[in-house]
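# task: produce atomic coordinates for the following.
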Amino acid sequence: MLESLQQALLEALEDEYKARATYRLILAKFGAIRPFVNIVESEERHIQALALLFQKYNLPIPEDRWEQRVQSPATVREACQAGVQAEIENAALYQRLLHLARDYPDVQRVFLNLQRASQTRHLPAFQRCAERENPATGGKRGFGGRHHHNRRCGPISEVKEP
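Numbers count the residues shown, from 1 in each chain. Take a look at the predicted model:
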């Protein structure tokens, strides 16, 4: 039973490490663009939540080795599209991991919270980003009655995840 828990936590943590490394690389390449600047902070909180579960169950926390394993997309649009795909895959991952953690309600609760953040906050933010970076719309989209022509900033109304 502990083996399936360890496997589930390991897969979740590796996915969060990968996302954080990817978003950090995108920020290094393109600057402090939304939604990456907000979501990378969220990934930090996700990693912290998972690390607490590793500690609670006396499991060794693996080192993050993703920094050298990820590549930055060529454009902001590609980065946004990659973010959309990553969040879709993240939701599917947590759905699968919920089964592995079926005997651990606290772990399931964390997985559900992380999955919800992915689907209700991250995915829509990346979808908006991909839309505003779409050449078919000229990279312009109205936000609150104003048009942002600078691809480096997202909608003013976008807020950080709590």
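
# would you mark the buried spots in stretch 24-42?
For stretch 24-42, a neighbour-count test (16 or more other C-beta atoms under 10 Å) marks 24-27, 30, 33-40, 42 as buried. C-betas here are computed from N, CA, C, even on glycine.

# alpha carbons only: can I get it in CSV?
Only the C-alpha atoms of stretch 24-42 are listed here, as CSV (Å, rounded to 0.1, in the frame of the first residue of the first chain):
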residue,chain,number,x,y,z
ARG,A,24,11.1,29.3,-15.1
LEU,A,25,12.8,28.8,-18.4
ILE,A,26,10.1,30.6,-20.3
LEU,A,27,10.3,33.5,-17.8
ALA,A,28,14.1,33.6,-18.3
LYS,A,29,13.7,33.7,-22.1
PHE,A,30,10.7,36.1,-22.4
GLY,A,31,10.7,38.1,-19.2
ALA,A,32,8.0,38.4,-16.5
ILE,A,33,5.0,37.5,-18.8
ARG,A,34,1.6,36.5,-17.6
PRO,A,35,0.4,34.0,-16.9
PHE,A,36,3.8,32.3,-16.3
VAL,A,37,4.9,34.7,-13.6
ASN,A,38,1.9,33.9,-11.5
ILE,A,39,1.7,30.2,-12.3
VAL,A,40,5.3,29.5,-11.5
GLU,A,41,4.6,30.8,-8.0
SER,A,42,1.6,28.5,-7.8
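
# circling back to that earlier point, which one of the buried residues of stretch 24-42 is nearest residue 11?
Closest approach to residue 11 among the buried residues of stretch 24-42 (C-beta to C-beta): residue 42, at 18.7 Å.

# that closest one against residue 121, yeah?
Yes. Applying C-beta atoms under 8 Å, one finds residue 42 in contact with residue 121, separated by 7.3 Å.

# so in the protein, which helix runs the longest?
helix 2-30 (DSSP state H).

# relative to residue 78, how far out is the closest residue to residue 127 other than its chain neighbours?
In space, and not counting its chain neighbours, residue 127 is closest to residue 84: 5.7 Å by C-beta to C-beta, 6 or more residues apart in numbering. Distance of residue 84 to residue 78, given as C-beta to C-beta, to the nearest Å: 11 Å.
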